[in-house]
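# Prediction below, plus the sequence it came from.
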Amino acid sequence: MRAAAAIETFLEMMSAERGAAQNTLDSYRRDLEDAAAFSAATGLQLTLAQPATIRAYLDDIAERGFAATSQARRLSALRQFFRFLYTENIRADDPTSTLDTPKKDRSLPKILSEADVEKLLSRAEEETQDAKASNMVHFHSLRLHALLEILYATGLRVSELVGLPVTVARSDNRFLMVRGKGSKDRMVPLSGKARDAMAKYLALRDTLPNLSGSPWLFPAISESGFLARQVFARELKGLAARTGLKTSAISPHVLRHAFASHLLQNGADLRAVQQLLGHSDISTTQIYTHVMEERLHRLVTEHHPLAD
């Protein structure tokens, strides 16, 4: 089987059997087509590649400046692709089975302090109370405040947040039912402040004729029909600047990290945080273990009778 046909068949399987999201499928396609082009340059279809070819490809992307995390992601795509070829009897072996994953540097997530998050949320709330603001400016301030309160209360991925259906706000909104990666549903609790911000935003949203009929909580004129992640990120950085915070250190993803870290700092269980974040593997959540280590160290030094 030629590489192009094998890649298409693999992607169809990932979509139909594993429910892979479109972004995931696009990422696999880019990675596999790049590997196929490299293999073809050596005179082999990717479907016939040997371990030496895969190693040479990994060396090539390293020389092109790809980070260890990107190299590991590409090797993961190739592993799944060749495992698929093997299980479907398209080839008799898996050339990636003996390859080691490139070692990734363990980087700690950027987070905001609780005080900085409070400043950000307070500023967002203040801007919703500007009596001189036009109706559209008032709408944007209510929307941004609702987005931030929901994000910090739930730790949603930004794609999950902007793509929330409006039905979640019209039901029992003490909890949100969220559809995450791999079309997996999870339930996350919503704070009183987040519910209040969402209700105020929704009250104005429902009066706007061009928005009230949208199925999305945060509708917009876009291909998807809802607010673009980039627009939210831009508005967040603008708010950070007006709050006096360093804009380069703030993004929707940083607020997701803040949600997780602040929960752990205040005694939450790592497994509970894993469930709230929608991580399928606890190892993904373990980037936050440094927070737990600090908390345990403080617990011992403050409460152990023999501590200095």
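Sure, I can see it. Remember, predicted model here, so these are calculated numbers, not experimental data.
# When you work out contacts or count neighbours from here on, use the C-alpha atoms and nothing else.
OK.
# Spatially nearest residue to residue 113 (excluding sequence neighbours)?
residue 258 (7.4 Å; C-alpha to C-alpha, 6 or more residues apart in numbering).
# The one you found sits in which helix or strand?
With the criterion set as DSSP states H and E, the secondary-structure element containing residue 258 is helix 252-265.
# Distance check, the residue nearest to residue 113 against residue 232.
Distance check for residue 258 against residue 232: by C-alpha to C-alpha, to the nearest Å, it reads 17 Å.
# Run through the stretch 101-250 of the chain and note the low-pLDDT ranges.
Screening the stretch 101-250 of the chain residue by residue with the criterion pLDDT under 70, one finds the ranges 101-110, 172.
# any chance you could map the strands in it?
The residue ranges that make up the strands of the stretch 101-250 of the chain, judged by DSSP state E, counting those that start in this stretch, are 175-179, 185-189.
# possible to save those as TSV with distance to residue 30?
Listed next are those as TSV, based on distance: least, C-alpha to C-alpha, whole Å:
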stretch	distance to residue 30
strand 175-179	25
strand 185-189	28
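# OK, contacts around the residue nearest to the spatial centre of the chain?
Taking C-alpha atoms, centre = their mean, the centroid of the chain lies closest to residue 157, which sits 4.2 Å from it. With C-alpha atoms under 8 Å, 6 or more residues apart in numbering as the criterion, the residues that contact residue 157 are 253, 256, 277.
# When residue 258 and residue 232 are compared, which one has more neighbours?
Set side by side, residue 258 and residue 232 show unequal neighbour counts under other C-alpha atoms under 10 Å, the larger going to residue 258 at 22 against 19.
# where's the more buried one relative to residue 128, distance?
In this structure, residue 258 and residue 128 are 23 Å apart, going by C-alpha to C-alpha.
# before we move on, what about residue 157?
As judged by C-alpha to C-alpha, residue 157 and residue 128 stand 24 Å apart.
# before we move on, what about residue 275?
For residue 275, the distance to residue 128 equals 32 Å [C-alpha to C-alpha].
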